[in-house]
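Asker: Build me a structure from this.
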Amino acid sequence: MPIVYIILVIYSFIASQIHWPFGNLALILGFMLLLLDVVIQVIRLALKKTTYHVFLLALSLCFLSVGYLFLWLFWPGMKLMAWASLILALPGIILSFKLKGKAVPRRIITGFLFAVVACFSLMKTSALYCFKNNISSENPVNEAPVFMVHRLAFLLYHENEEKRAEELLHEIQDNLNQKTAYFRALGKSRYMLEVFVKDSAIVSTDLEQVEHGNWSYTPFLLPEDIPLSELN
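Answerer: Reported below is the predicted structural model:
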């Protein structure tokens, strides 16, 4: 099961980079498999078919999967949960060095996930968001849908980078004003043909707003709820 979990983690990572579906669902499914693995190890421990070292290692991997899940899905309290998972997983990893044979791959997988969660925990949330979605922190407006850039601005604001957050909001407005003018000049059919087909990953999420001239799609505005129309 740990190997299946890592395969699902890798799929989730690739899916976020190239916009494949069910990436987040794969992570949640992987977590459920690890919970099942812990239950199996408890039963095996009760039947004396395994040692408590293996059980603790399975539990450590389960803890780390929770931390990784919170980080990758940007759930509330993500950093707190990640650090808690690292602390809870550490004893099981240390004790696992007494294990040999079939338990070695499990230890390698757990150690790998420990390193990943630790690295992500040390990153700024905005940097992790850019990494996950494969967008540049320097020029995200031309690389990502509107709602992603709004979310990035929201994260930057809470990292006390208010100036950069407001710059992004201005860039979004300018970018969408250009898209609106282009859309109205071409008409929907030609716009779809010339723009949408070339860059569907970005434009598909913006098309409805372009068509209706409404940029309030995303809930991730700054705390002041500044309407984009007022940023001109």
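
Asker: And the protein, what are its domain boundaries?
Answerer: 2-122, 132-231 (automatic domain parsing).

Asker: Determine which of the ones you listed shows the lowest mean per-residue pLDDT.
Answerer: Ranked by mean pLDDT, the domains of the chain end with domain 132-231 in last place, scoring a mean of 66.

Asker: need the helices for this protein, in chain order.
Answerer: All helices of the chain, identified by DSSP state H, fall at 2-18, 23-46, 52-73, 78-95, 103-122, 125-133, 146-158, 162-186, 188-191, 200-212.

Asker: So which elements touch the first one?
Answerer: Which is helix 2-18. Using 3 or more C-beta pairs under 8 Å, 6 or more residues apart in numbering; DSSP states H and E as the contact test, the elements touching helix 2-18 are helix 23-46, helix 52-73, helix 103-122. Using the backbone N, CA and C atoms, a C-beta is placed for each residue, glycine as well.

Asker: which of those helices is buried the deepest?
Answerer: When the helices and strands packed on helix 2-18 are scored by mean count of other C-beta atoms under 10 Å, the highest mean neighbour count falls to helix 52-73 (a mean of 22).

Asker: Give me the angle between that one and helix 125-133.
Answerer: Put simply, helix 52-73 runs at 90 degrees to helix 125-133, going by axes from the mean of the first three to the mean of the last three C-alpha atoms, to 10 degrees.

Asker: if we can go back for a sec, the helices and strands packed on helix 2-18: which one's closest to I3?
Answerer: Judged by C-beta to C-beta, the one of these that comes nearest to I3 is helix 103-122, at 7.0 Å.

Asker: Show me what the closest one is packed against.
Answerer: helix 2-18, helix 52-73, helix 78-95.

Asker: A153 is nearest to which of these?
Answerer: Ranked by C-beta to C-beta, the member of those that lies closest to A153 is helix 78-95, at 18.1 Å.

Asker: So which bits of that closest one are buried?
Answerer: 78-79, 81-82, 85-86, 88-89, 92-93, 95 (16 or more other C-beta atoms under 10 Å).

Asker: so N134 makes contact with Q17?
Answerer: Yes. The pair N134 and Q17 passes the contact test of C-beta atoms under 8 Å, sitting 4.6 Å apart.

Asker: List the contacts of the residue most central in space within the chain.
Answerer: Centroid-nearest residue in the chain, with C-alpha atoms, centre = their mean: W72, separated by 3.3 Å. Listed by C-beta atoms under 8 Å, 6 or more residues apart in numbering, the contact partners of W72 are 12, 16, 24, 27, 120, 132.

Asker: Let me know the closest of those to N175.
Answerer: Using C-beta to C-beta, these come closest to N175 at K132, 21.6 Å.

Asker: What count of nearby residues applies to the closest residue in space to that closest one that isn't next to it in sequence?
Answerer: Excluding the flanking residues, the one nearest K132 by C-beta to C-beta, 6 or more residues apart in numbering is S16, at 5.2 Å. S16 is flanked by 17 other residues according to other C-beta atoms under 10 Å.
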